[in-house]
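**Q** Turn this into a structure:
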Amino acid sequence: MTLPAIKLVLSDVDGTLVTRAKELTPRAIEAVRCLREAGIMFALTSSRPPRGLAMFVEPLALSTPLGAFNGGAMVNPDLTVIEQRAIPGELVGEAISLLESFALSAWVYRGEEWYVRDLHGPRVERESHTVQFAPTLVEGFEGMRDGVAKIVGVSDNHDAVARAASAAAERFGARLSASRSQPYYLDITHPDANKGSVVRFLSARYGIPAQEIATIGDAGNDVAMFAASGLPIAVGNATPEVQRAARLVSTSNEEDGFANAVERLILGCGGTTGG
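**A** Next comes the predicted model:
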């Protein structure tokens, strides 16, 4: 198989770059250093808010923009905003109502804040640990219409999340982007806020053809960046559907799948064998 020459690597974070325990392994850090030594740029994109990506800037020596909120906000490594896309205000309430009709808890992200109506709701404590900041408790979201970057529907009933995703796609069509960043999360963002837009942003910013960009991911919200890039790579813990959308498959994130993808599939050296 002839692979394109890669000049930039764009990686997802949760489920890809980090382990299930949300840890950045020494091999992942070393893999990014090897990319840099090879003259290949490295960037991150995630459904996380910008503040939830700040922890990676120093250990990975990041200098490229970060694609937060699935591309809803492009920020510099110091978290200053380059550009952002907010959900149309008239759709915020409707999106929240749809999520709640499937018994999903709703989270709202606006500015630098994360708002919830229940500090003890599903996955709030876990997410606080992951992004390393706590949400703001509010009684309701009625006054939040302008500047909302992302709404998340949360439930440990994965079937309910899947049904809500299908309903959101049917209800909103091209008016909003709805994708599952994890089996228990449904992310709703501006229609142009998806990881494919991050590929296009970086391509234009650095003058790198999309064909020379590799993307690494594990979830349904990574498929858009797979489609927009020249070398899409799924880690081994990705679902079969996501793996089929990729060109190559690495090992799982528990088996240093990110590092193996960089070493074996992009740089063509080292690493362990994988799928």
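
**Q** these two touch, right, residue 165 and residue 176?
**A** No - using C-beta atoms under 8 Å as the test, residue 165 is too far from residue 176 to be in contact (11.6 Å). Bear in mind the C-beta positions are built from the backbone N, C-alpha and C, glycine included.

**Q** any low-confidence regions in this structure?
**A** Residue ranges of the chain with pLDDT under 70: 1-2, 270-275.

**Q** got the residue ranges for the strands in the stretch 101-250 of the chain?
**A** Along the stretch 101-250 of the chain, the stretches classed as strands by DSSP state E, counting those that start in this stretch are 105-110, 113-116, 136-137, 148-154, 177-182, 185-189, 213-217, 231-234, 248-249.

**Q** Quick check: which of the ones you listed is nearest to residue 21?
**A** Each of the strands of the stretch 101-250 of the chain has some distance to residue 21 by C-beta to C-beta; the shortest is strand 177-182, at 14.7 Å.

**Q** Partner strands of the closest one and their direction?
**A** Paired with strand 177-182 in the same sheet, following DSSP bridges, are strand 185-189 (antiparallel).

**Q** In the record's domain split, what are the boundaries for the chain?
**A** The record's domain parsing of the chain by automatic domain parsing lists 8-84+193-266, 89-189.

**Q** which of these sits most buried?
**A** Highest mean neighbour count of the domains of the chain: domain 8-84+193-266, a mean of 21 (counted as mean count of other C-beta atoms under 10 Å).

**Q** what about the residue positioned nearest the centre of the chain, distance to residue 217?
**A** Residue closest to the average C-alpha location in the chain (C-alpha atoms, centre = their mean): residue 46, at 2.3 Å. Computed as C-beta to C-beta, to the nearest Å, the residue 46 to residue 217 distance reads 10 Å.

**Q** who touches both of these two?
**A** Residues touching both residue 46 and residue 217 by C-beta atoms under 8 Å, 6 or more residues apart in numbering: residue 12.
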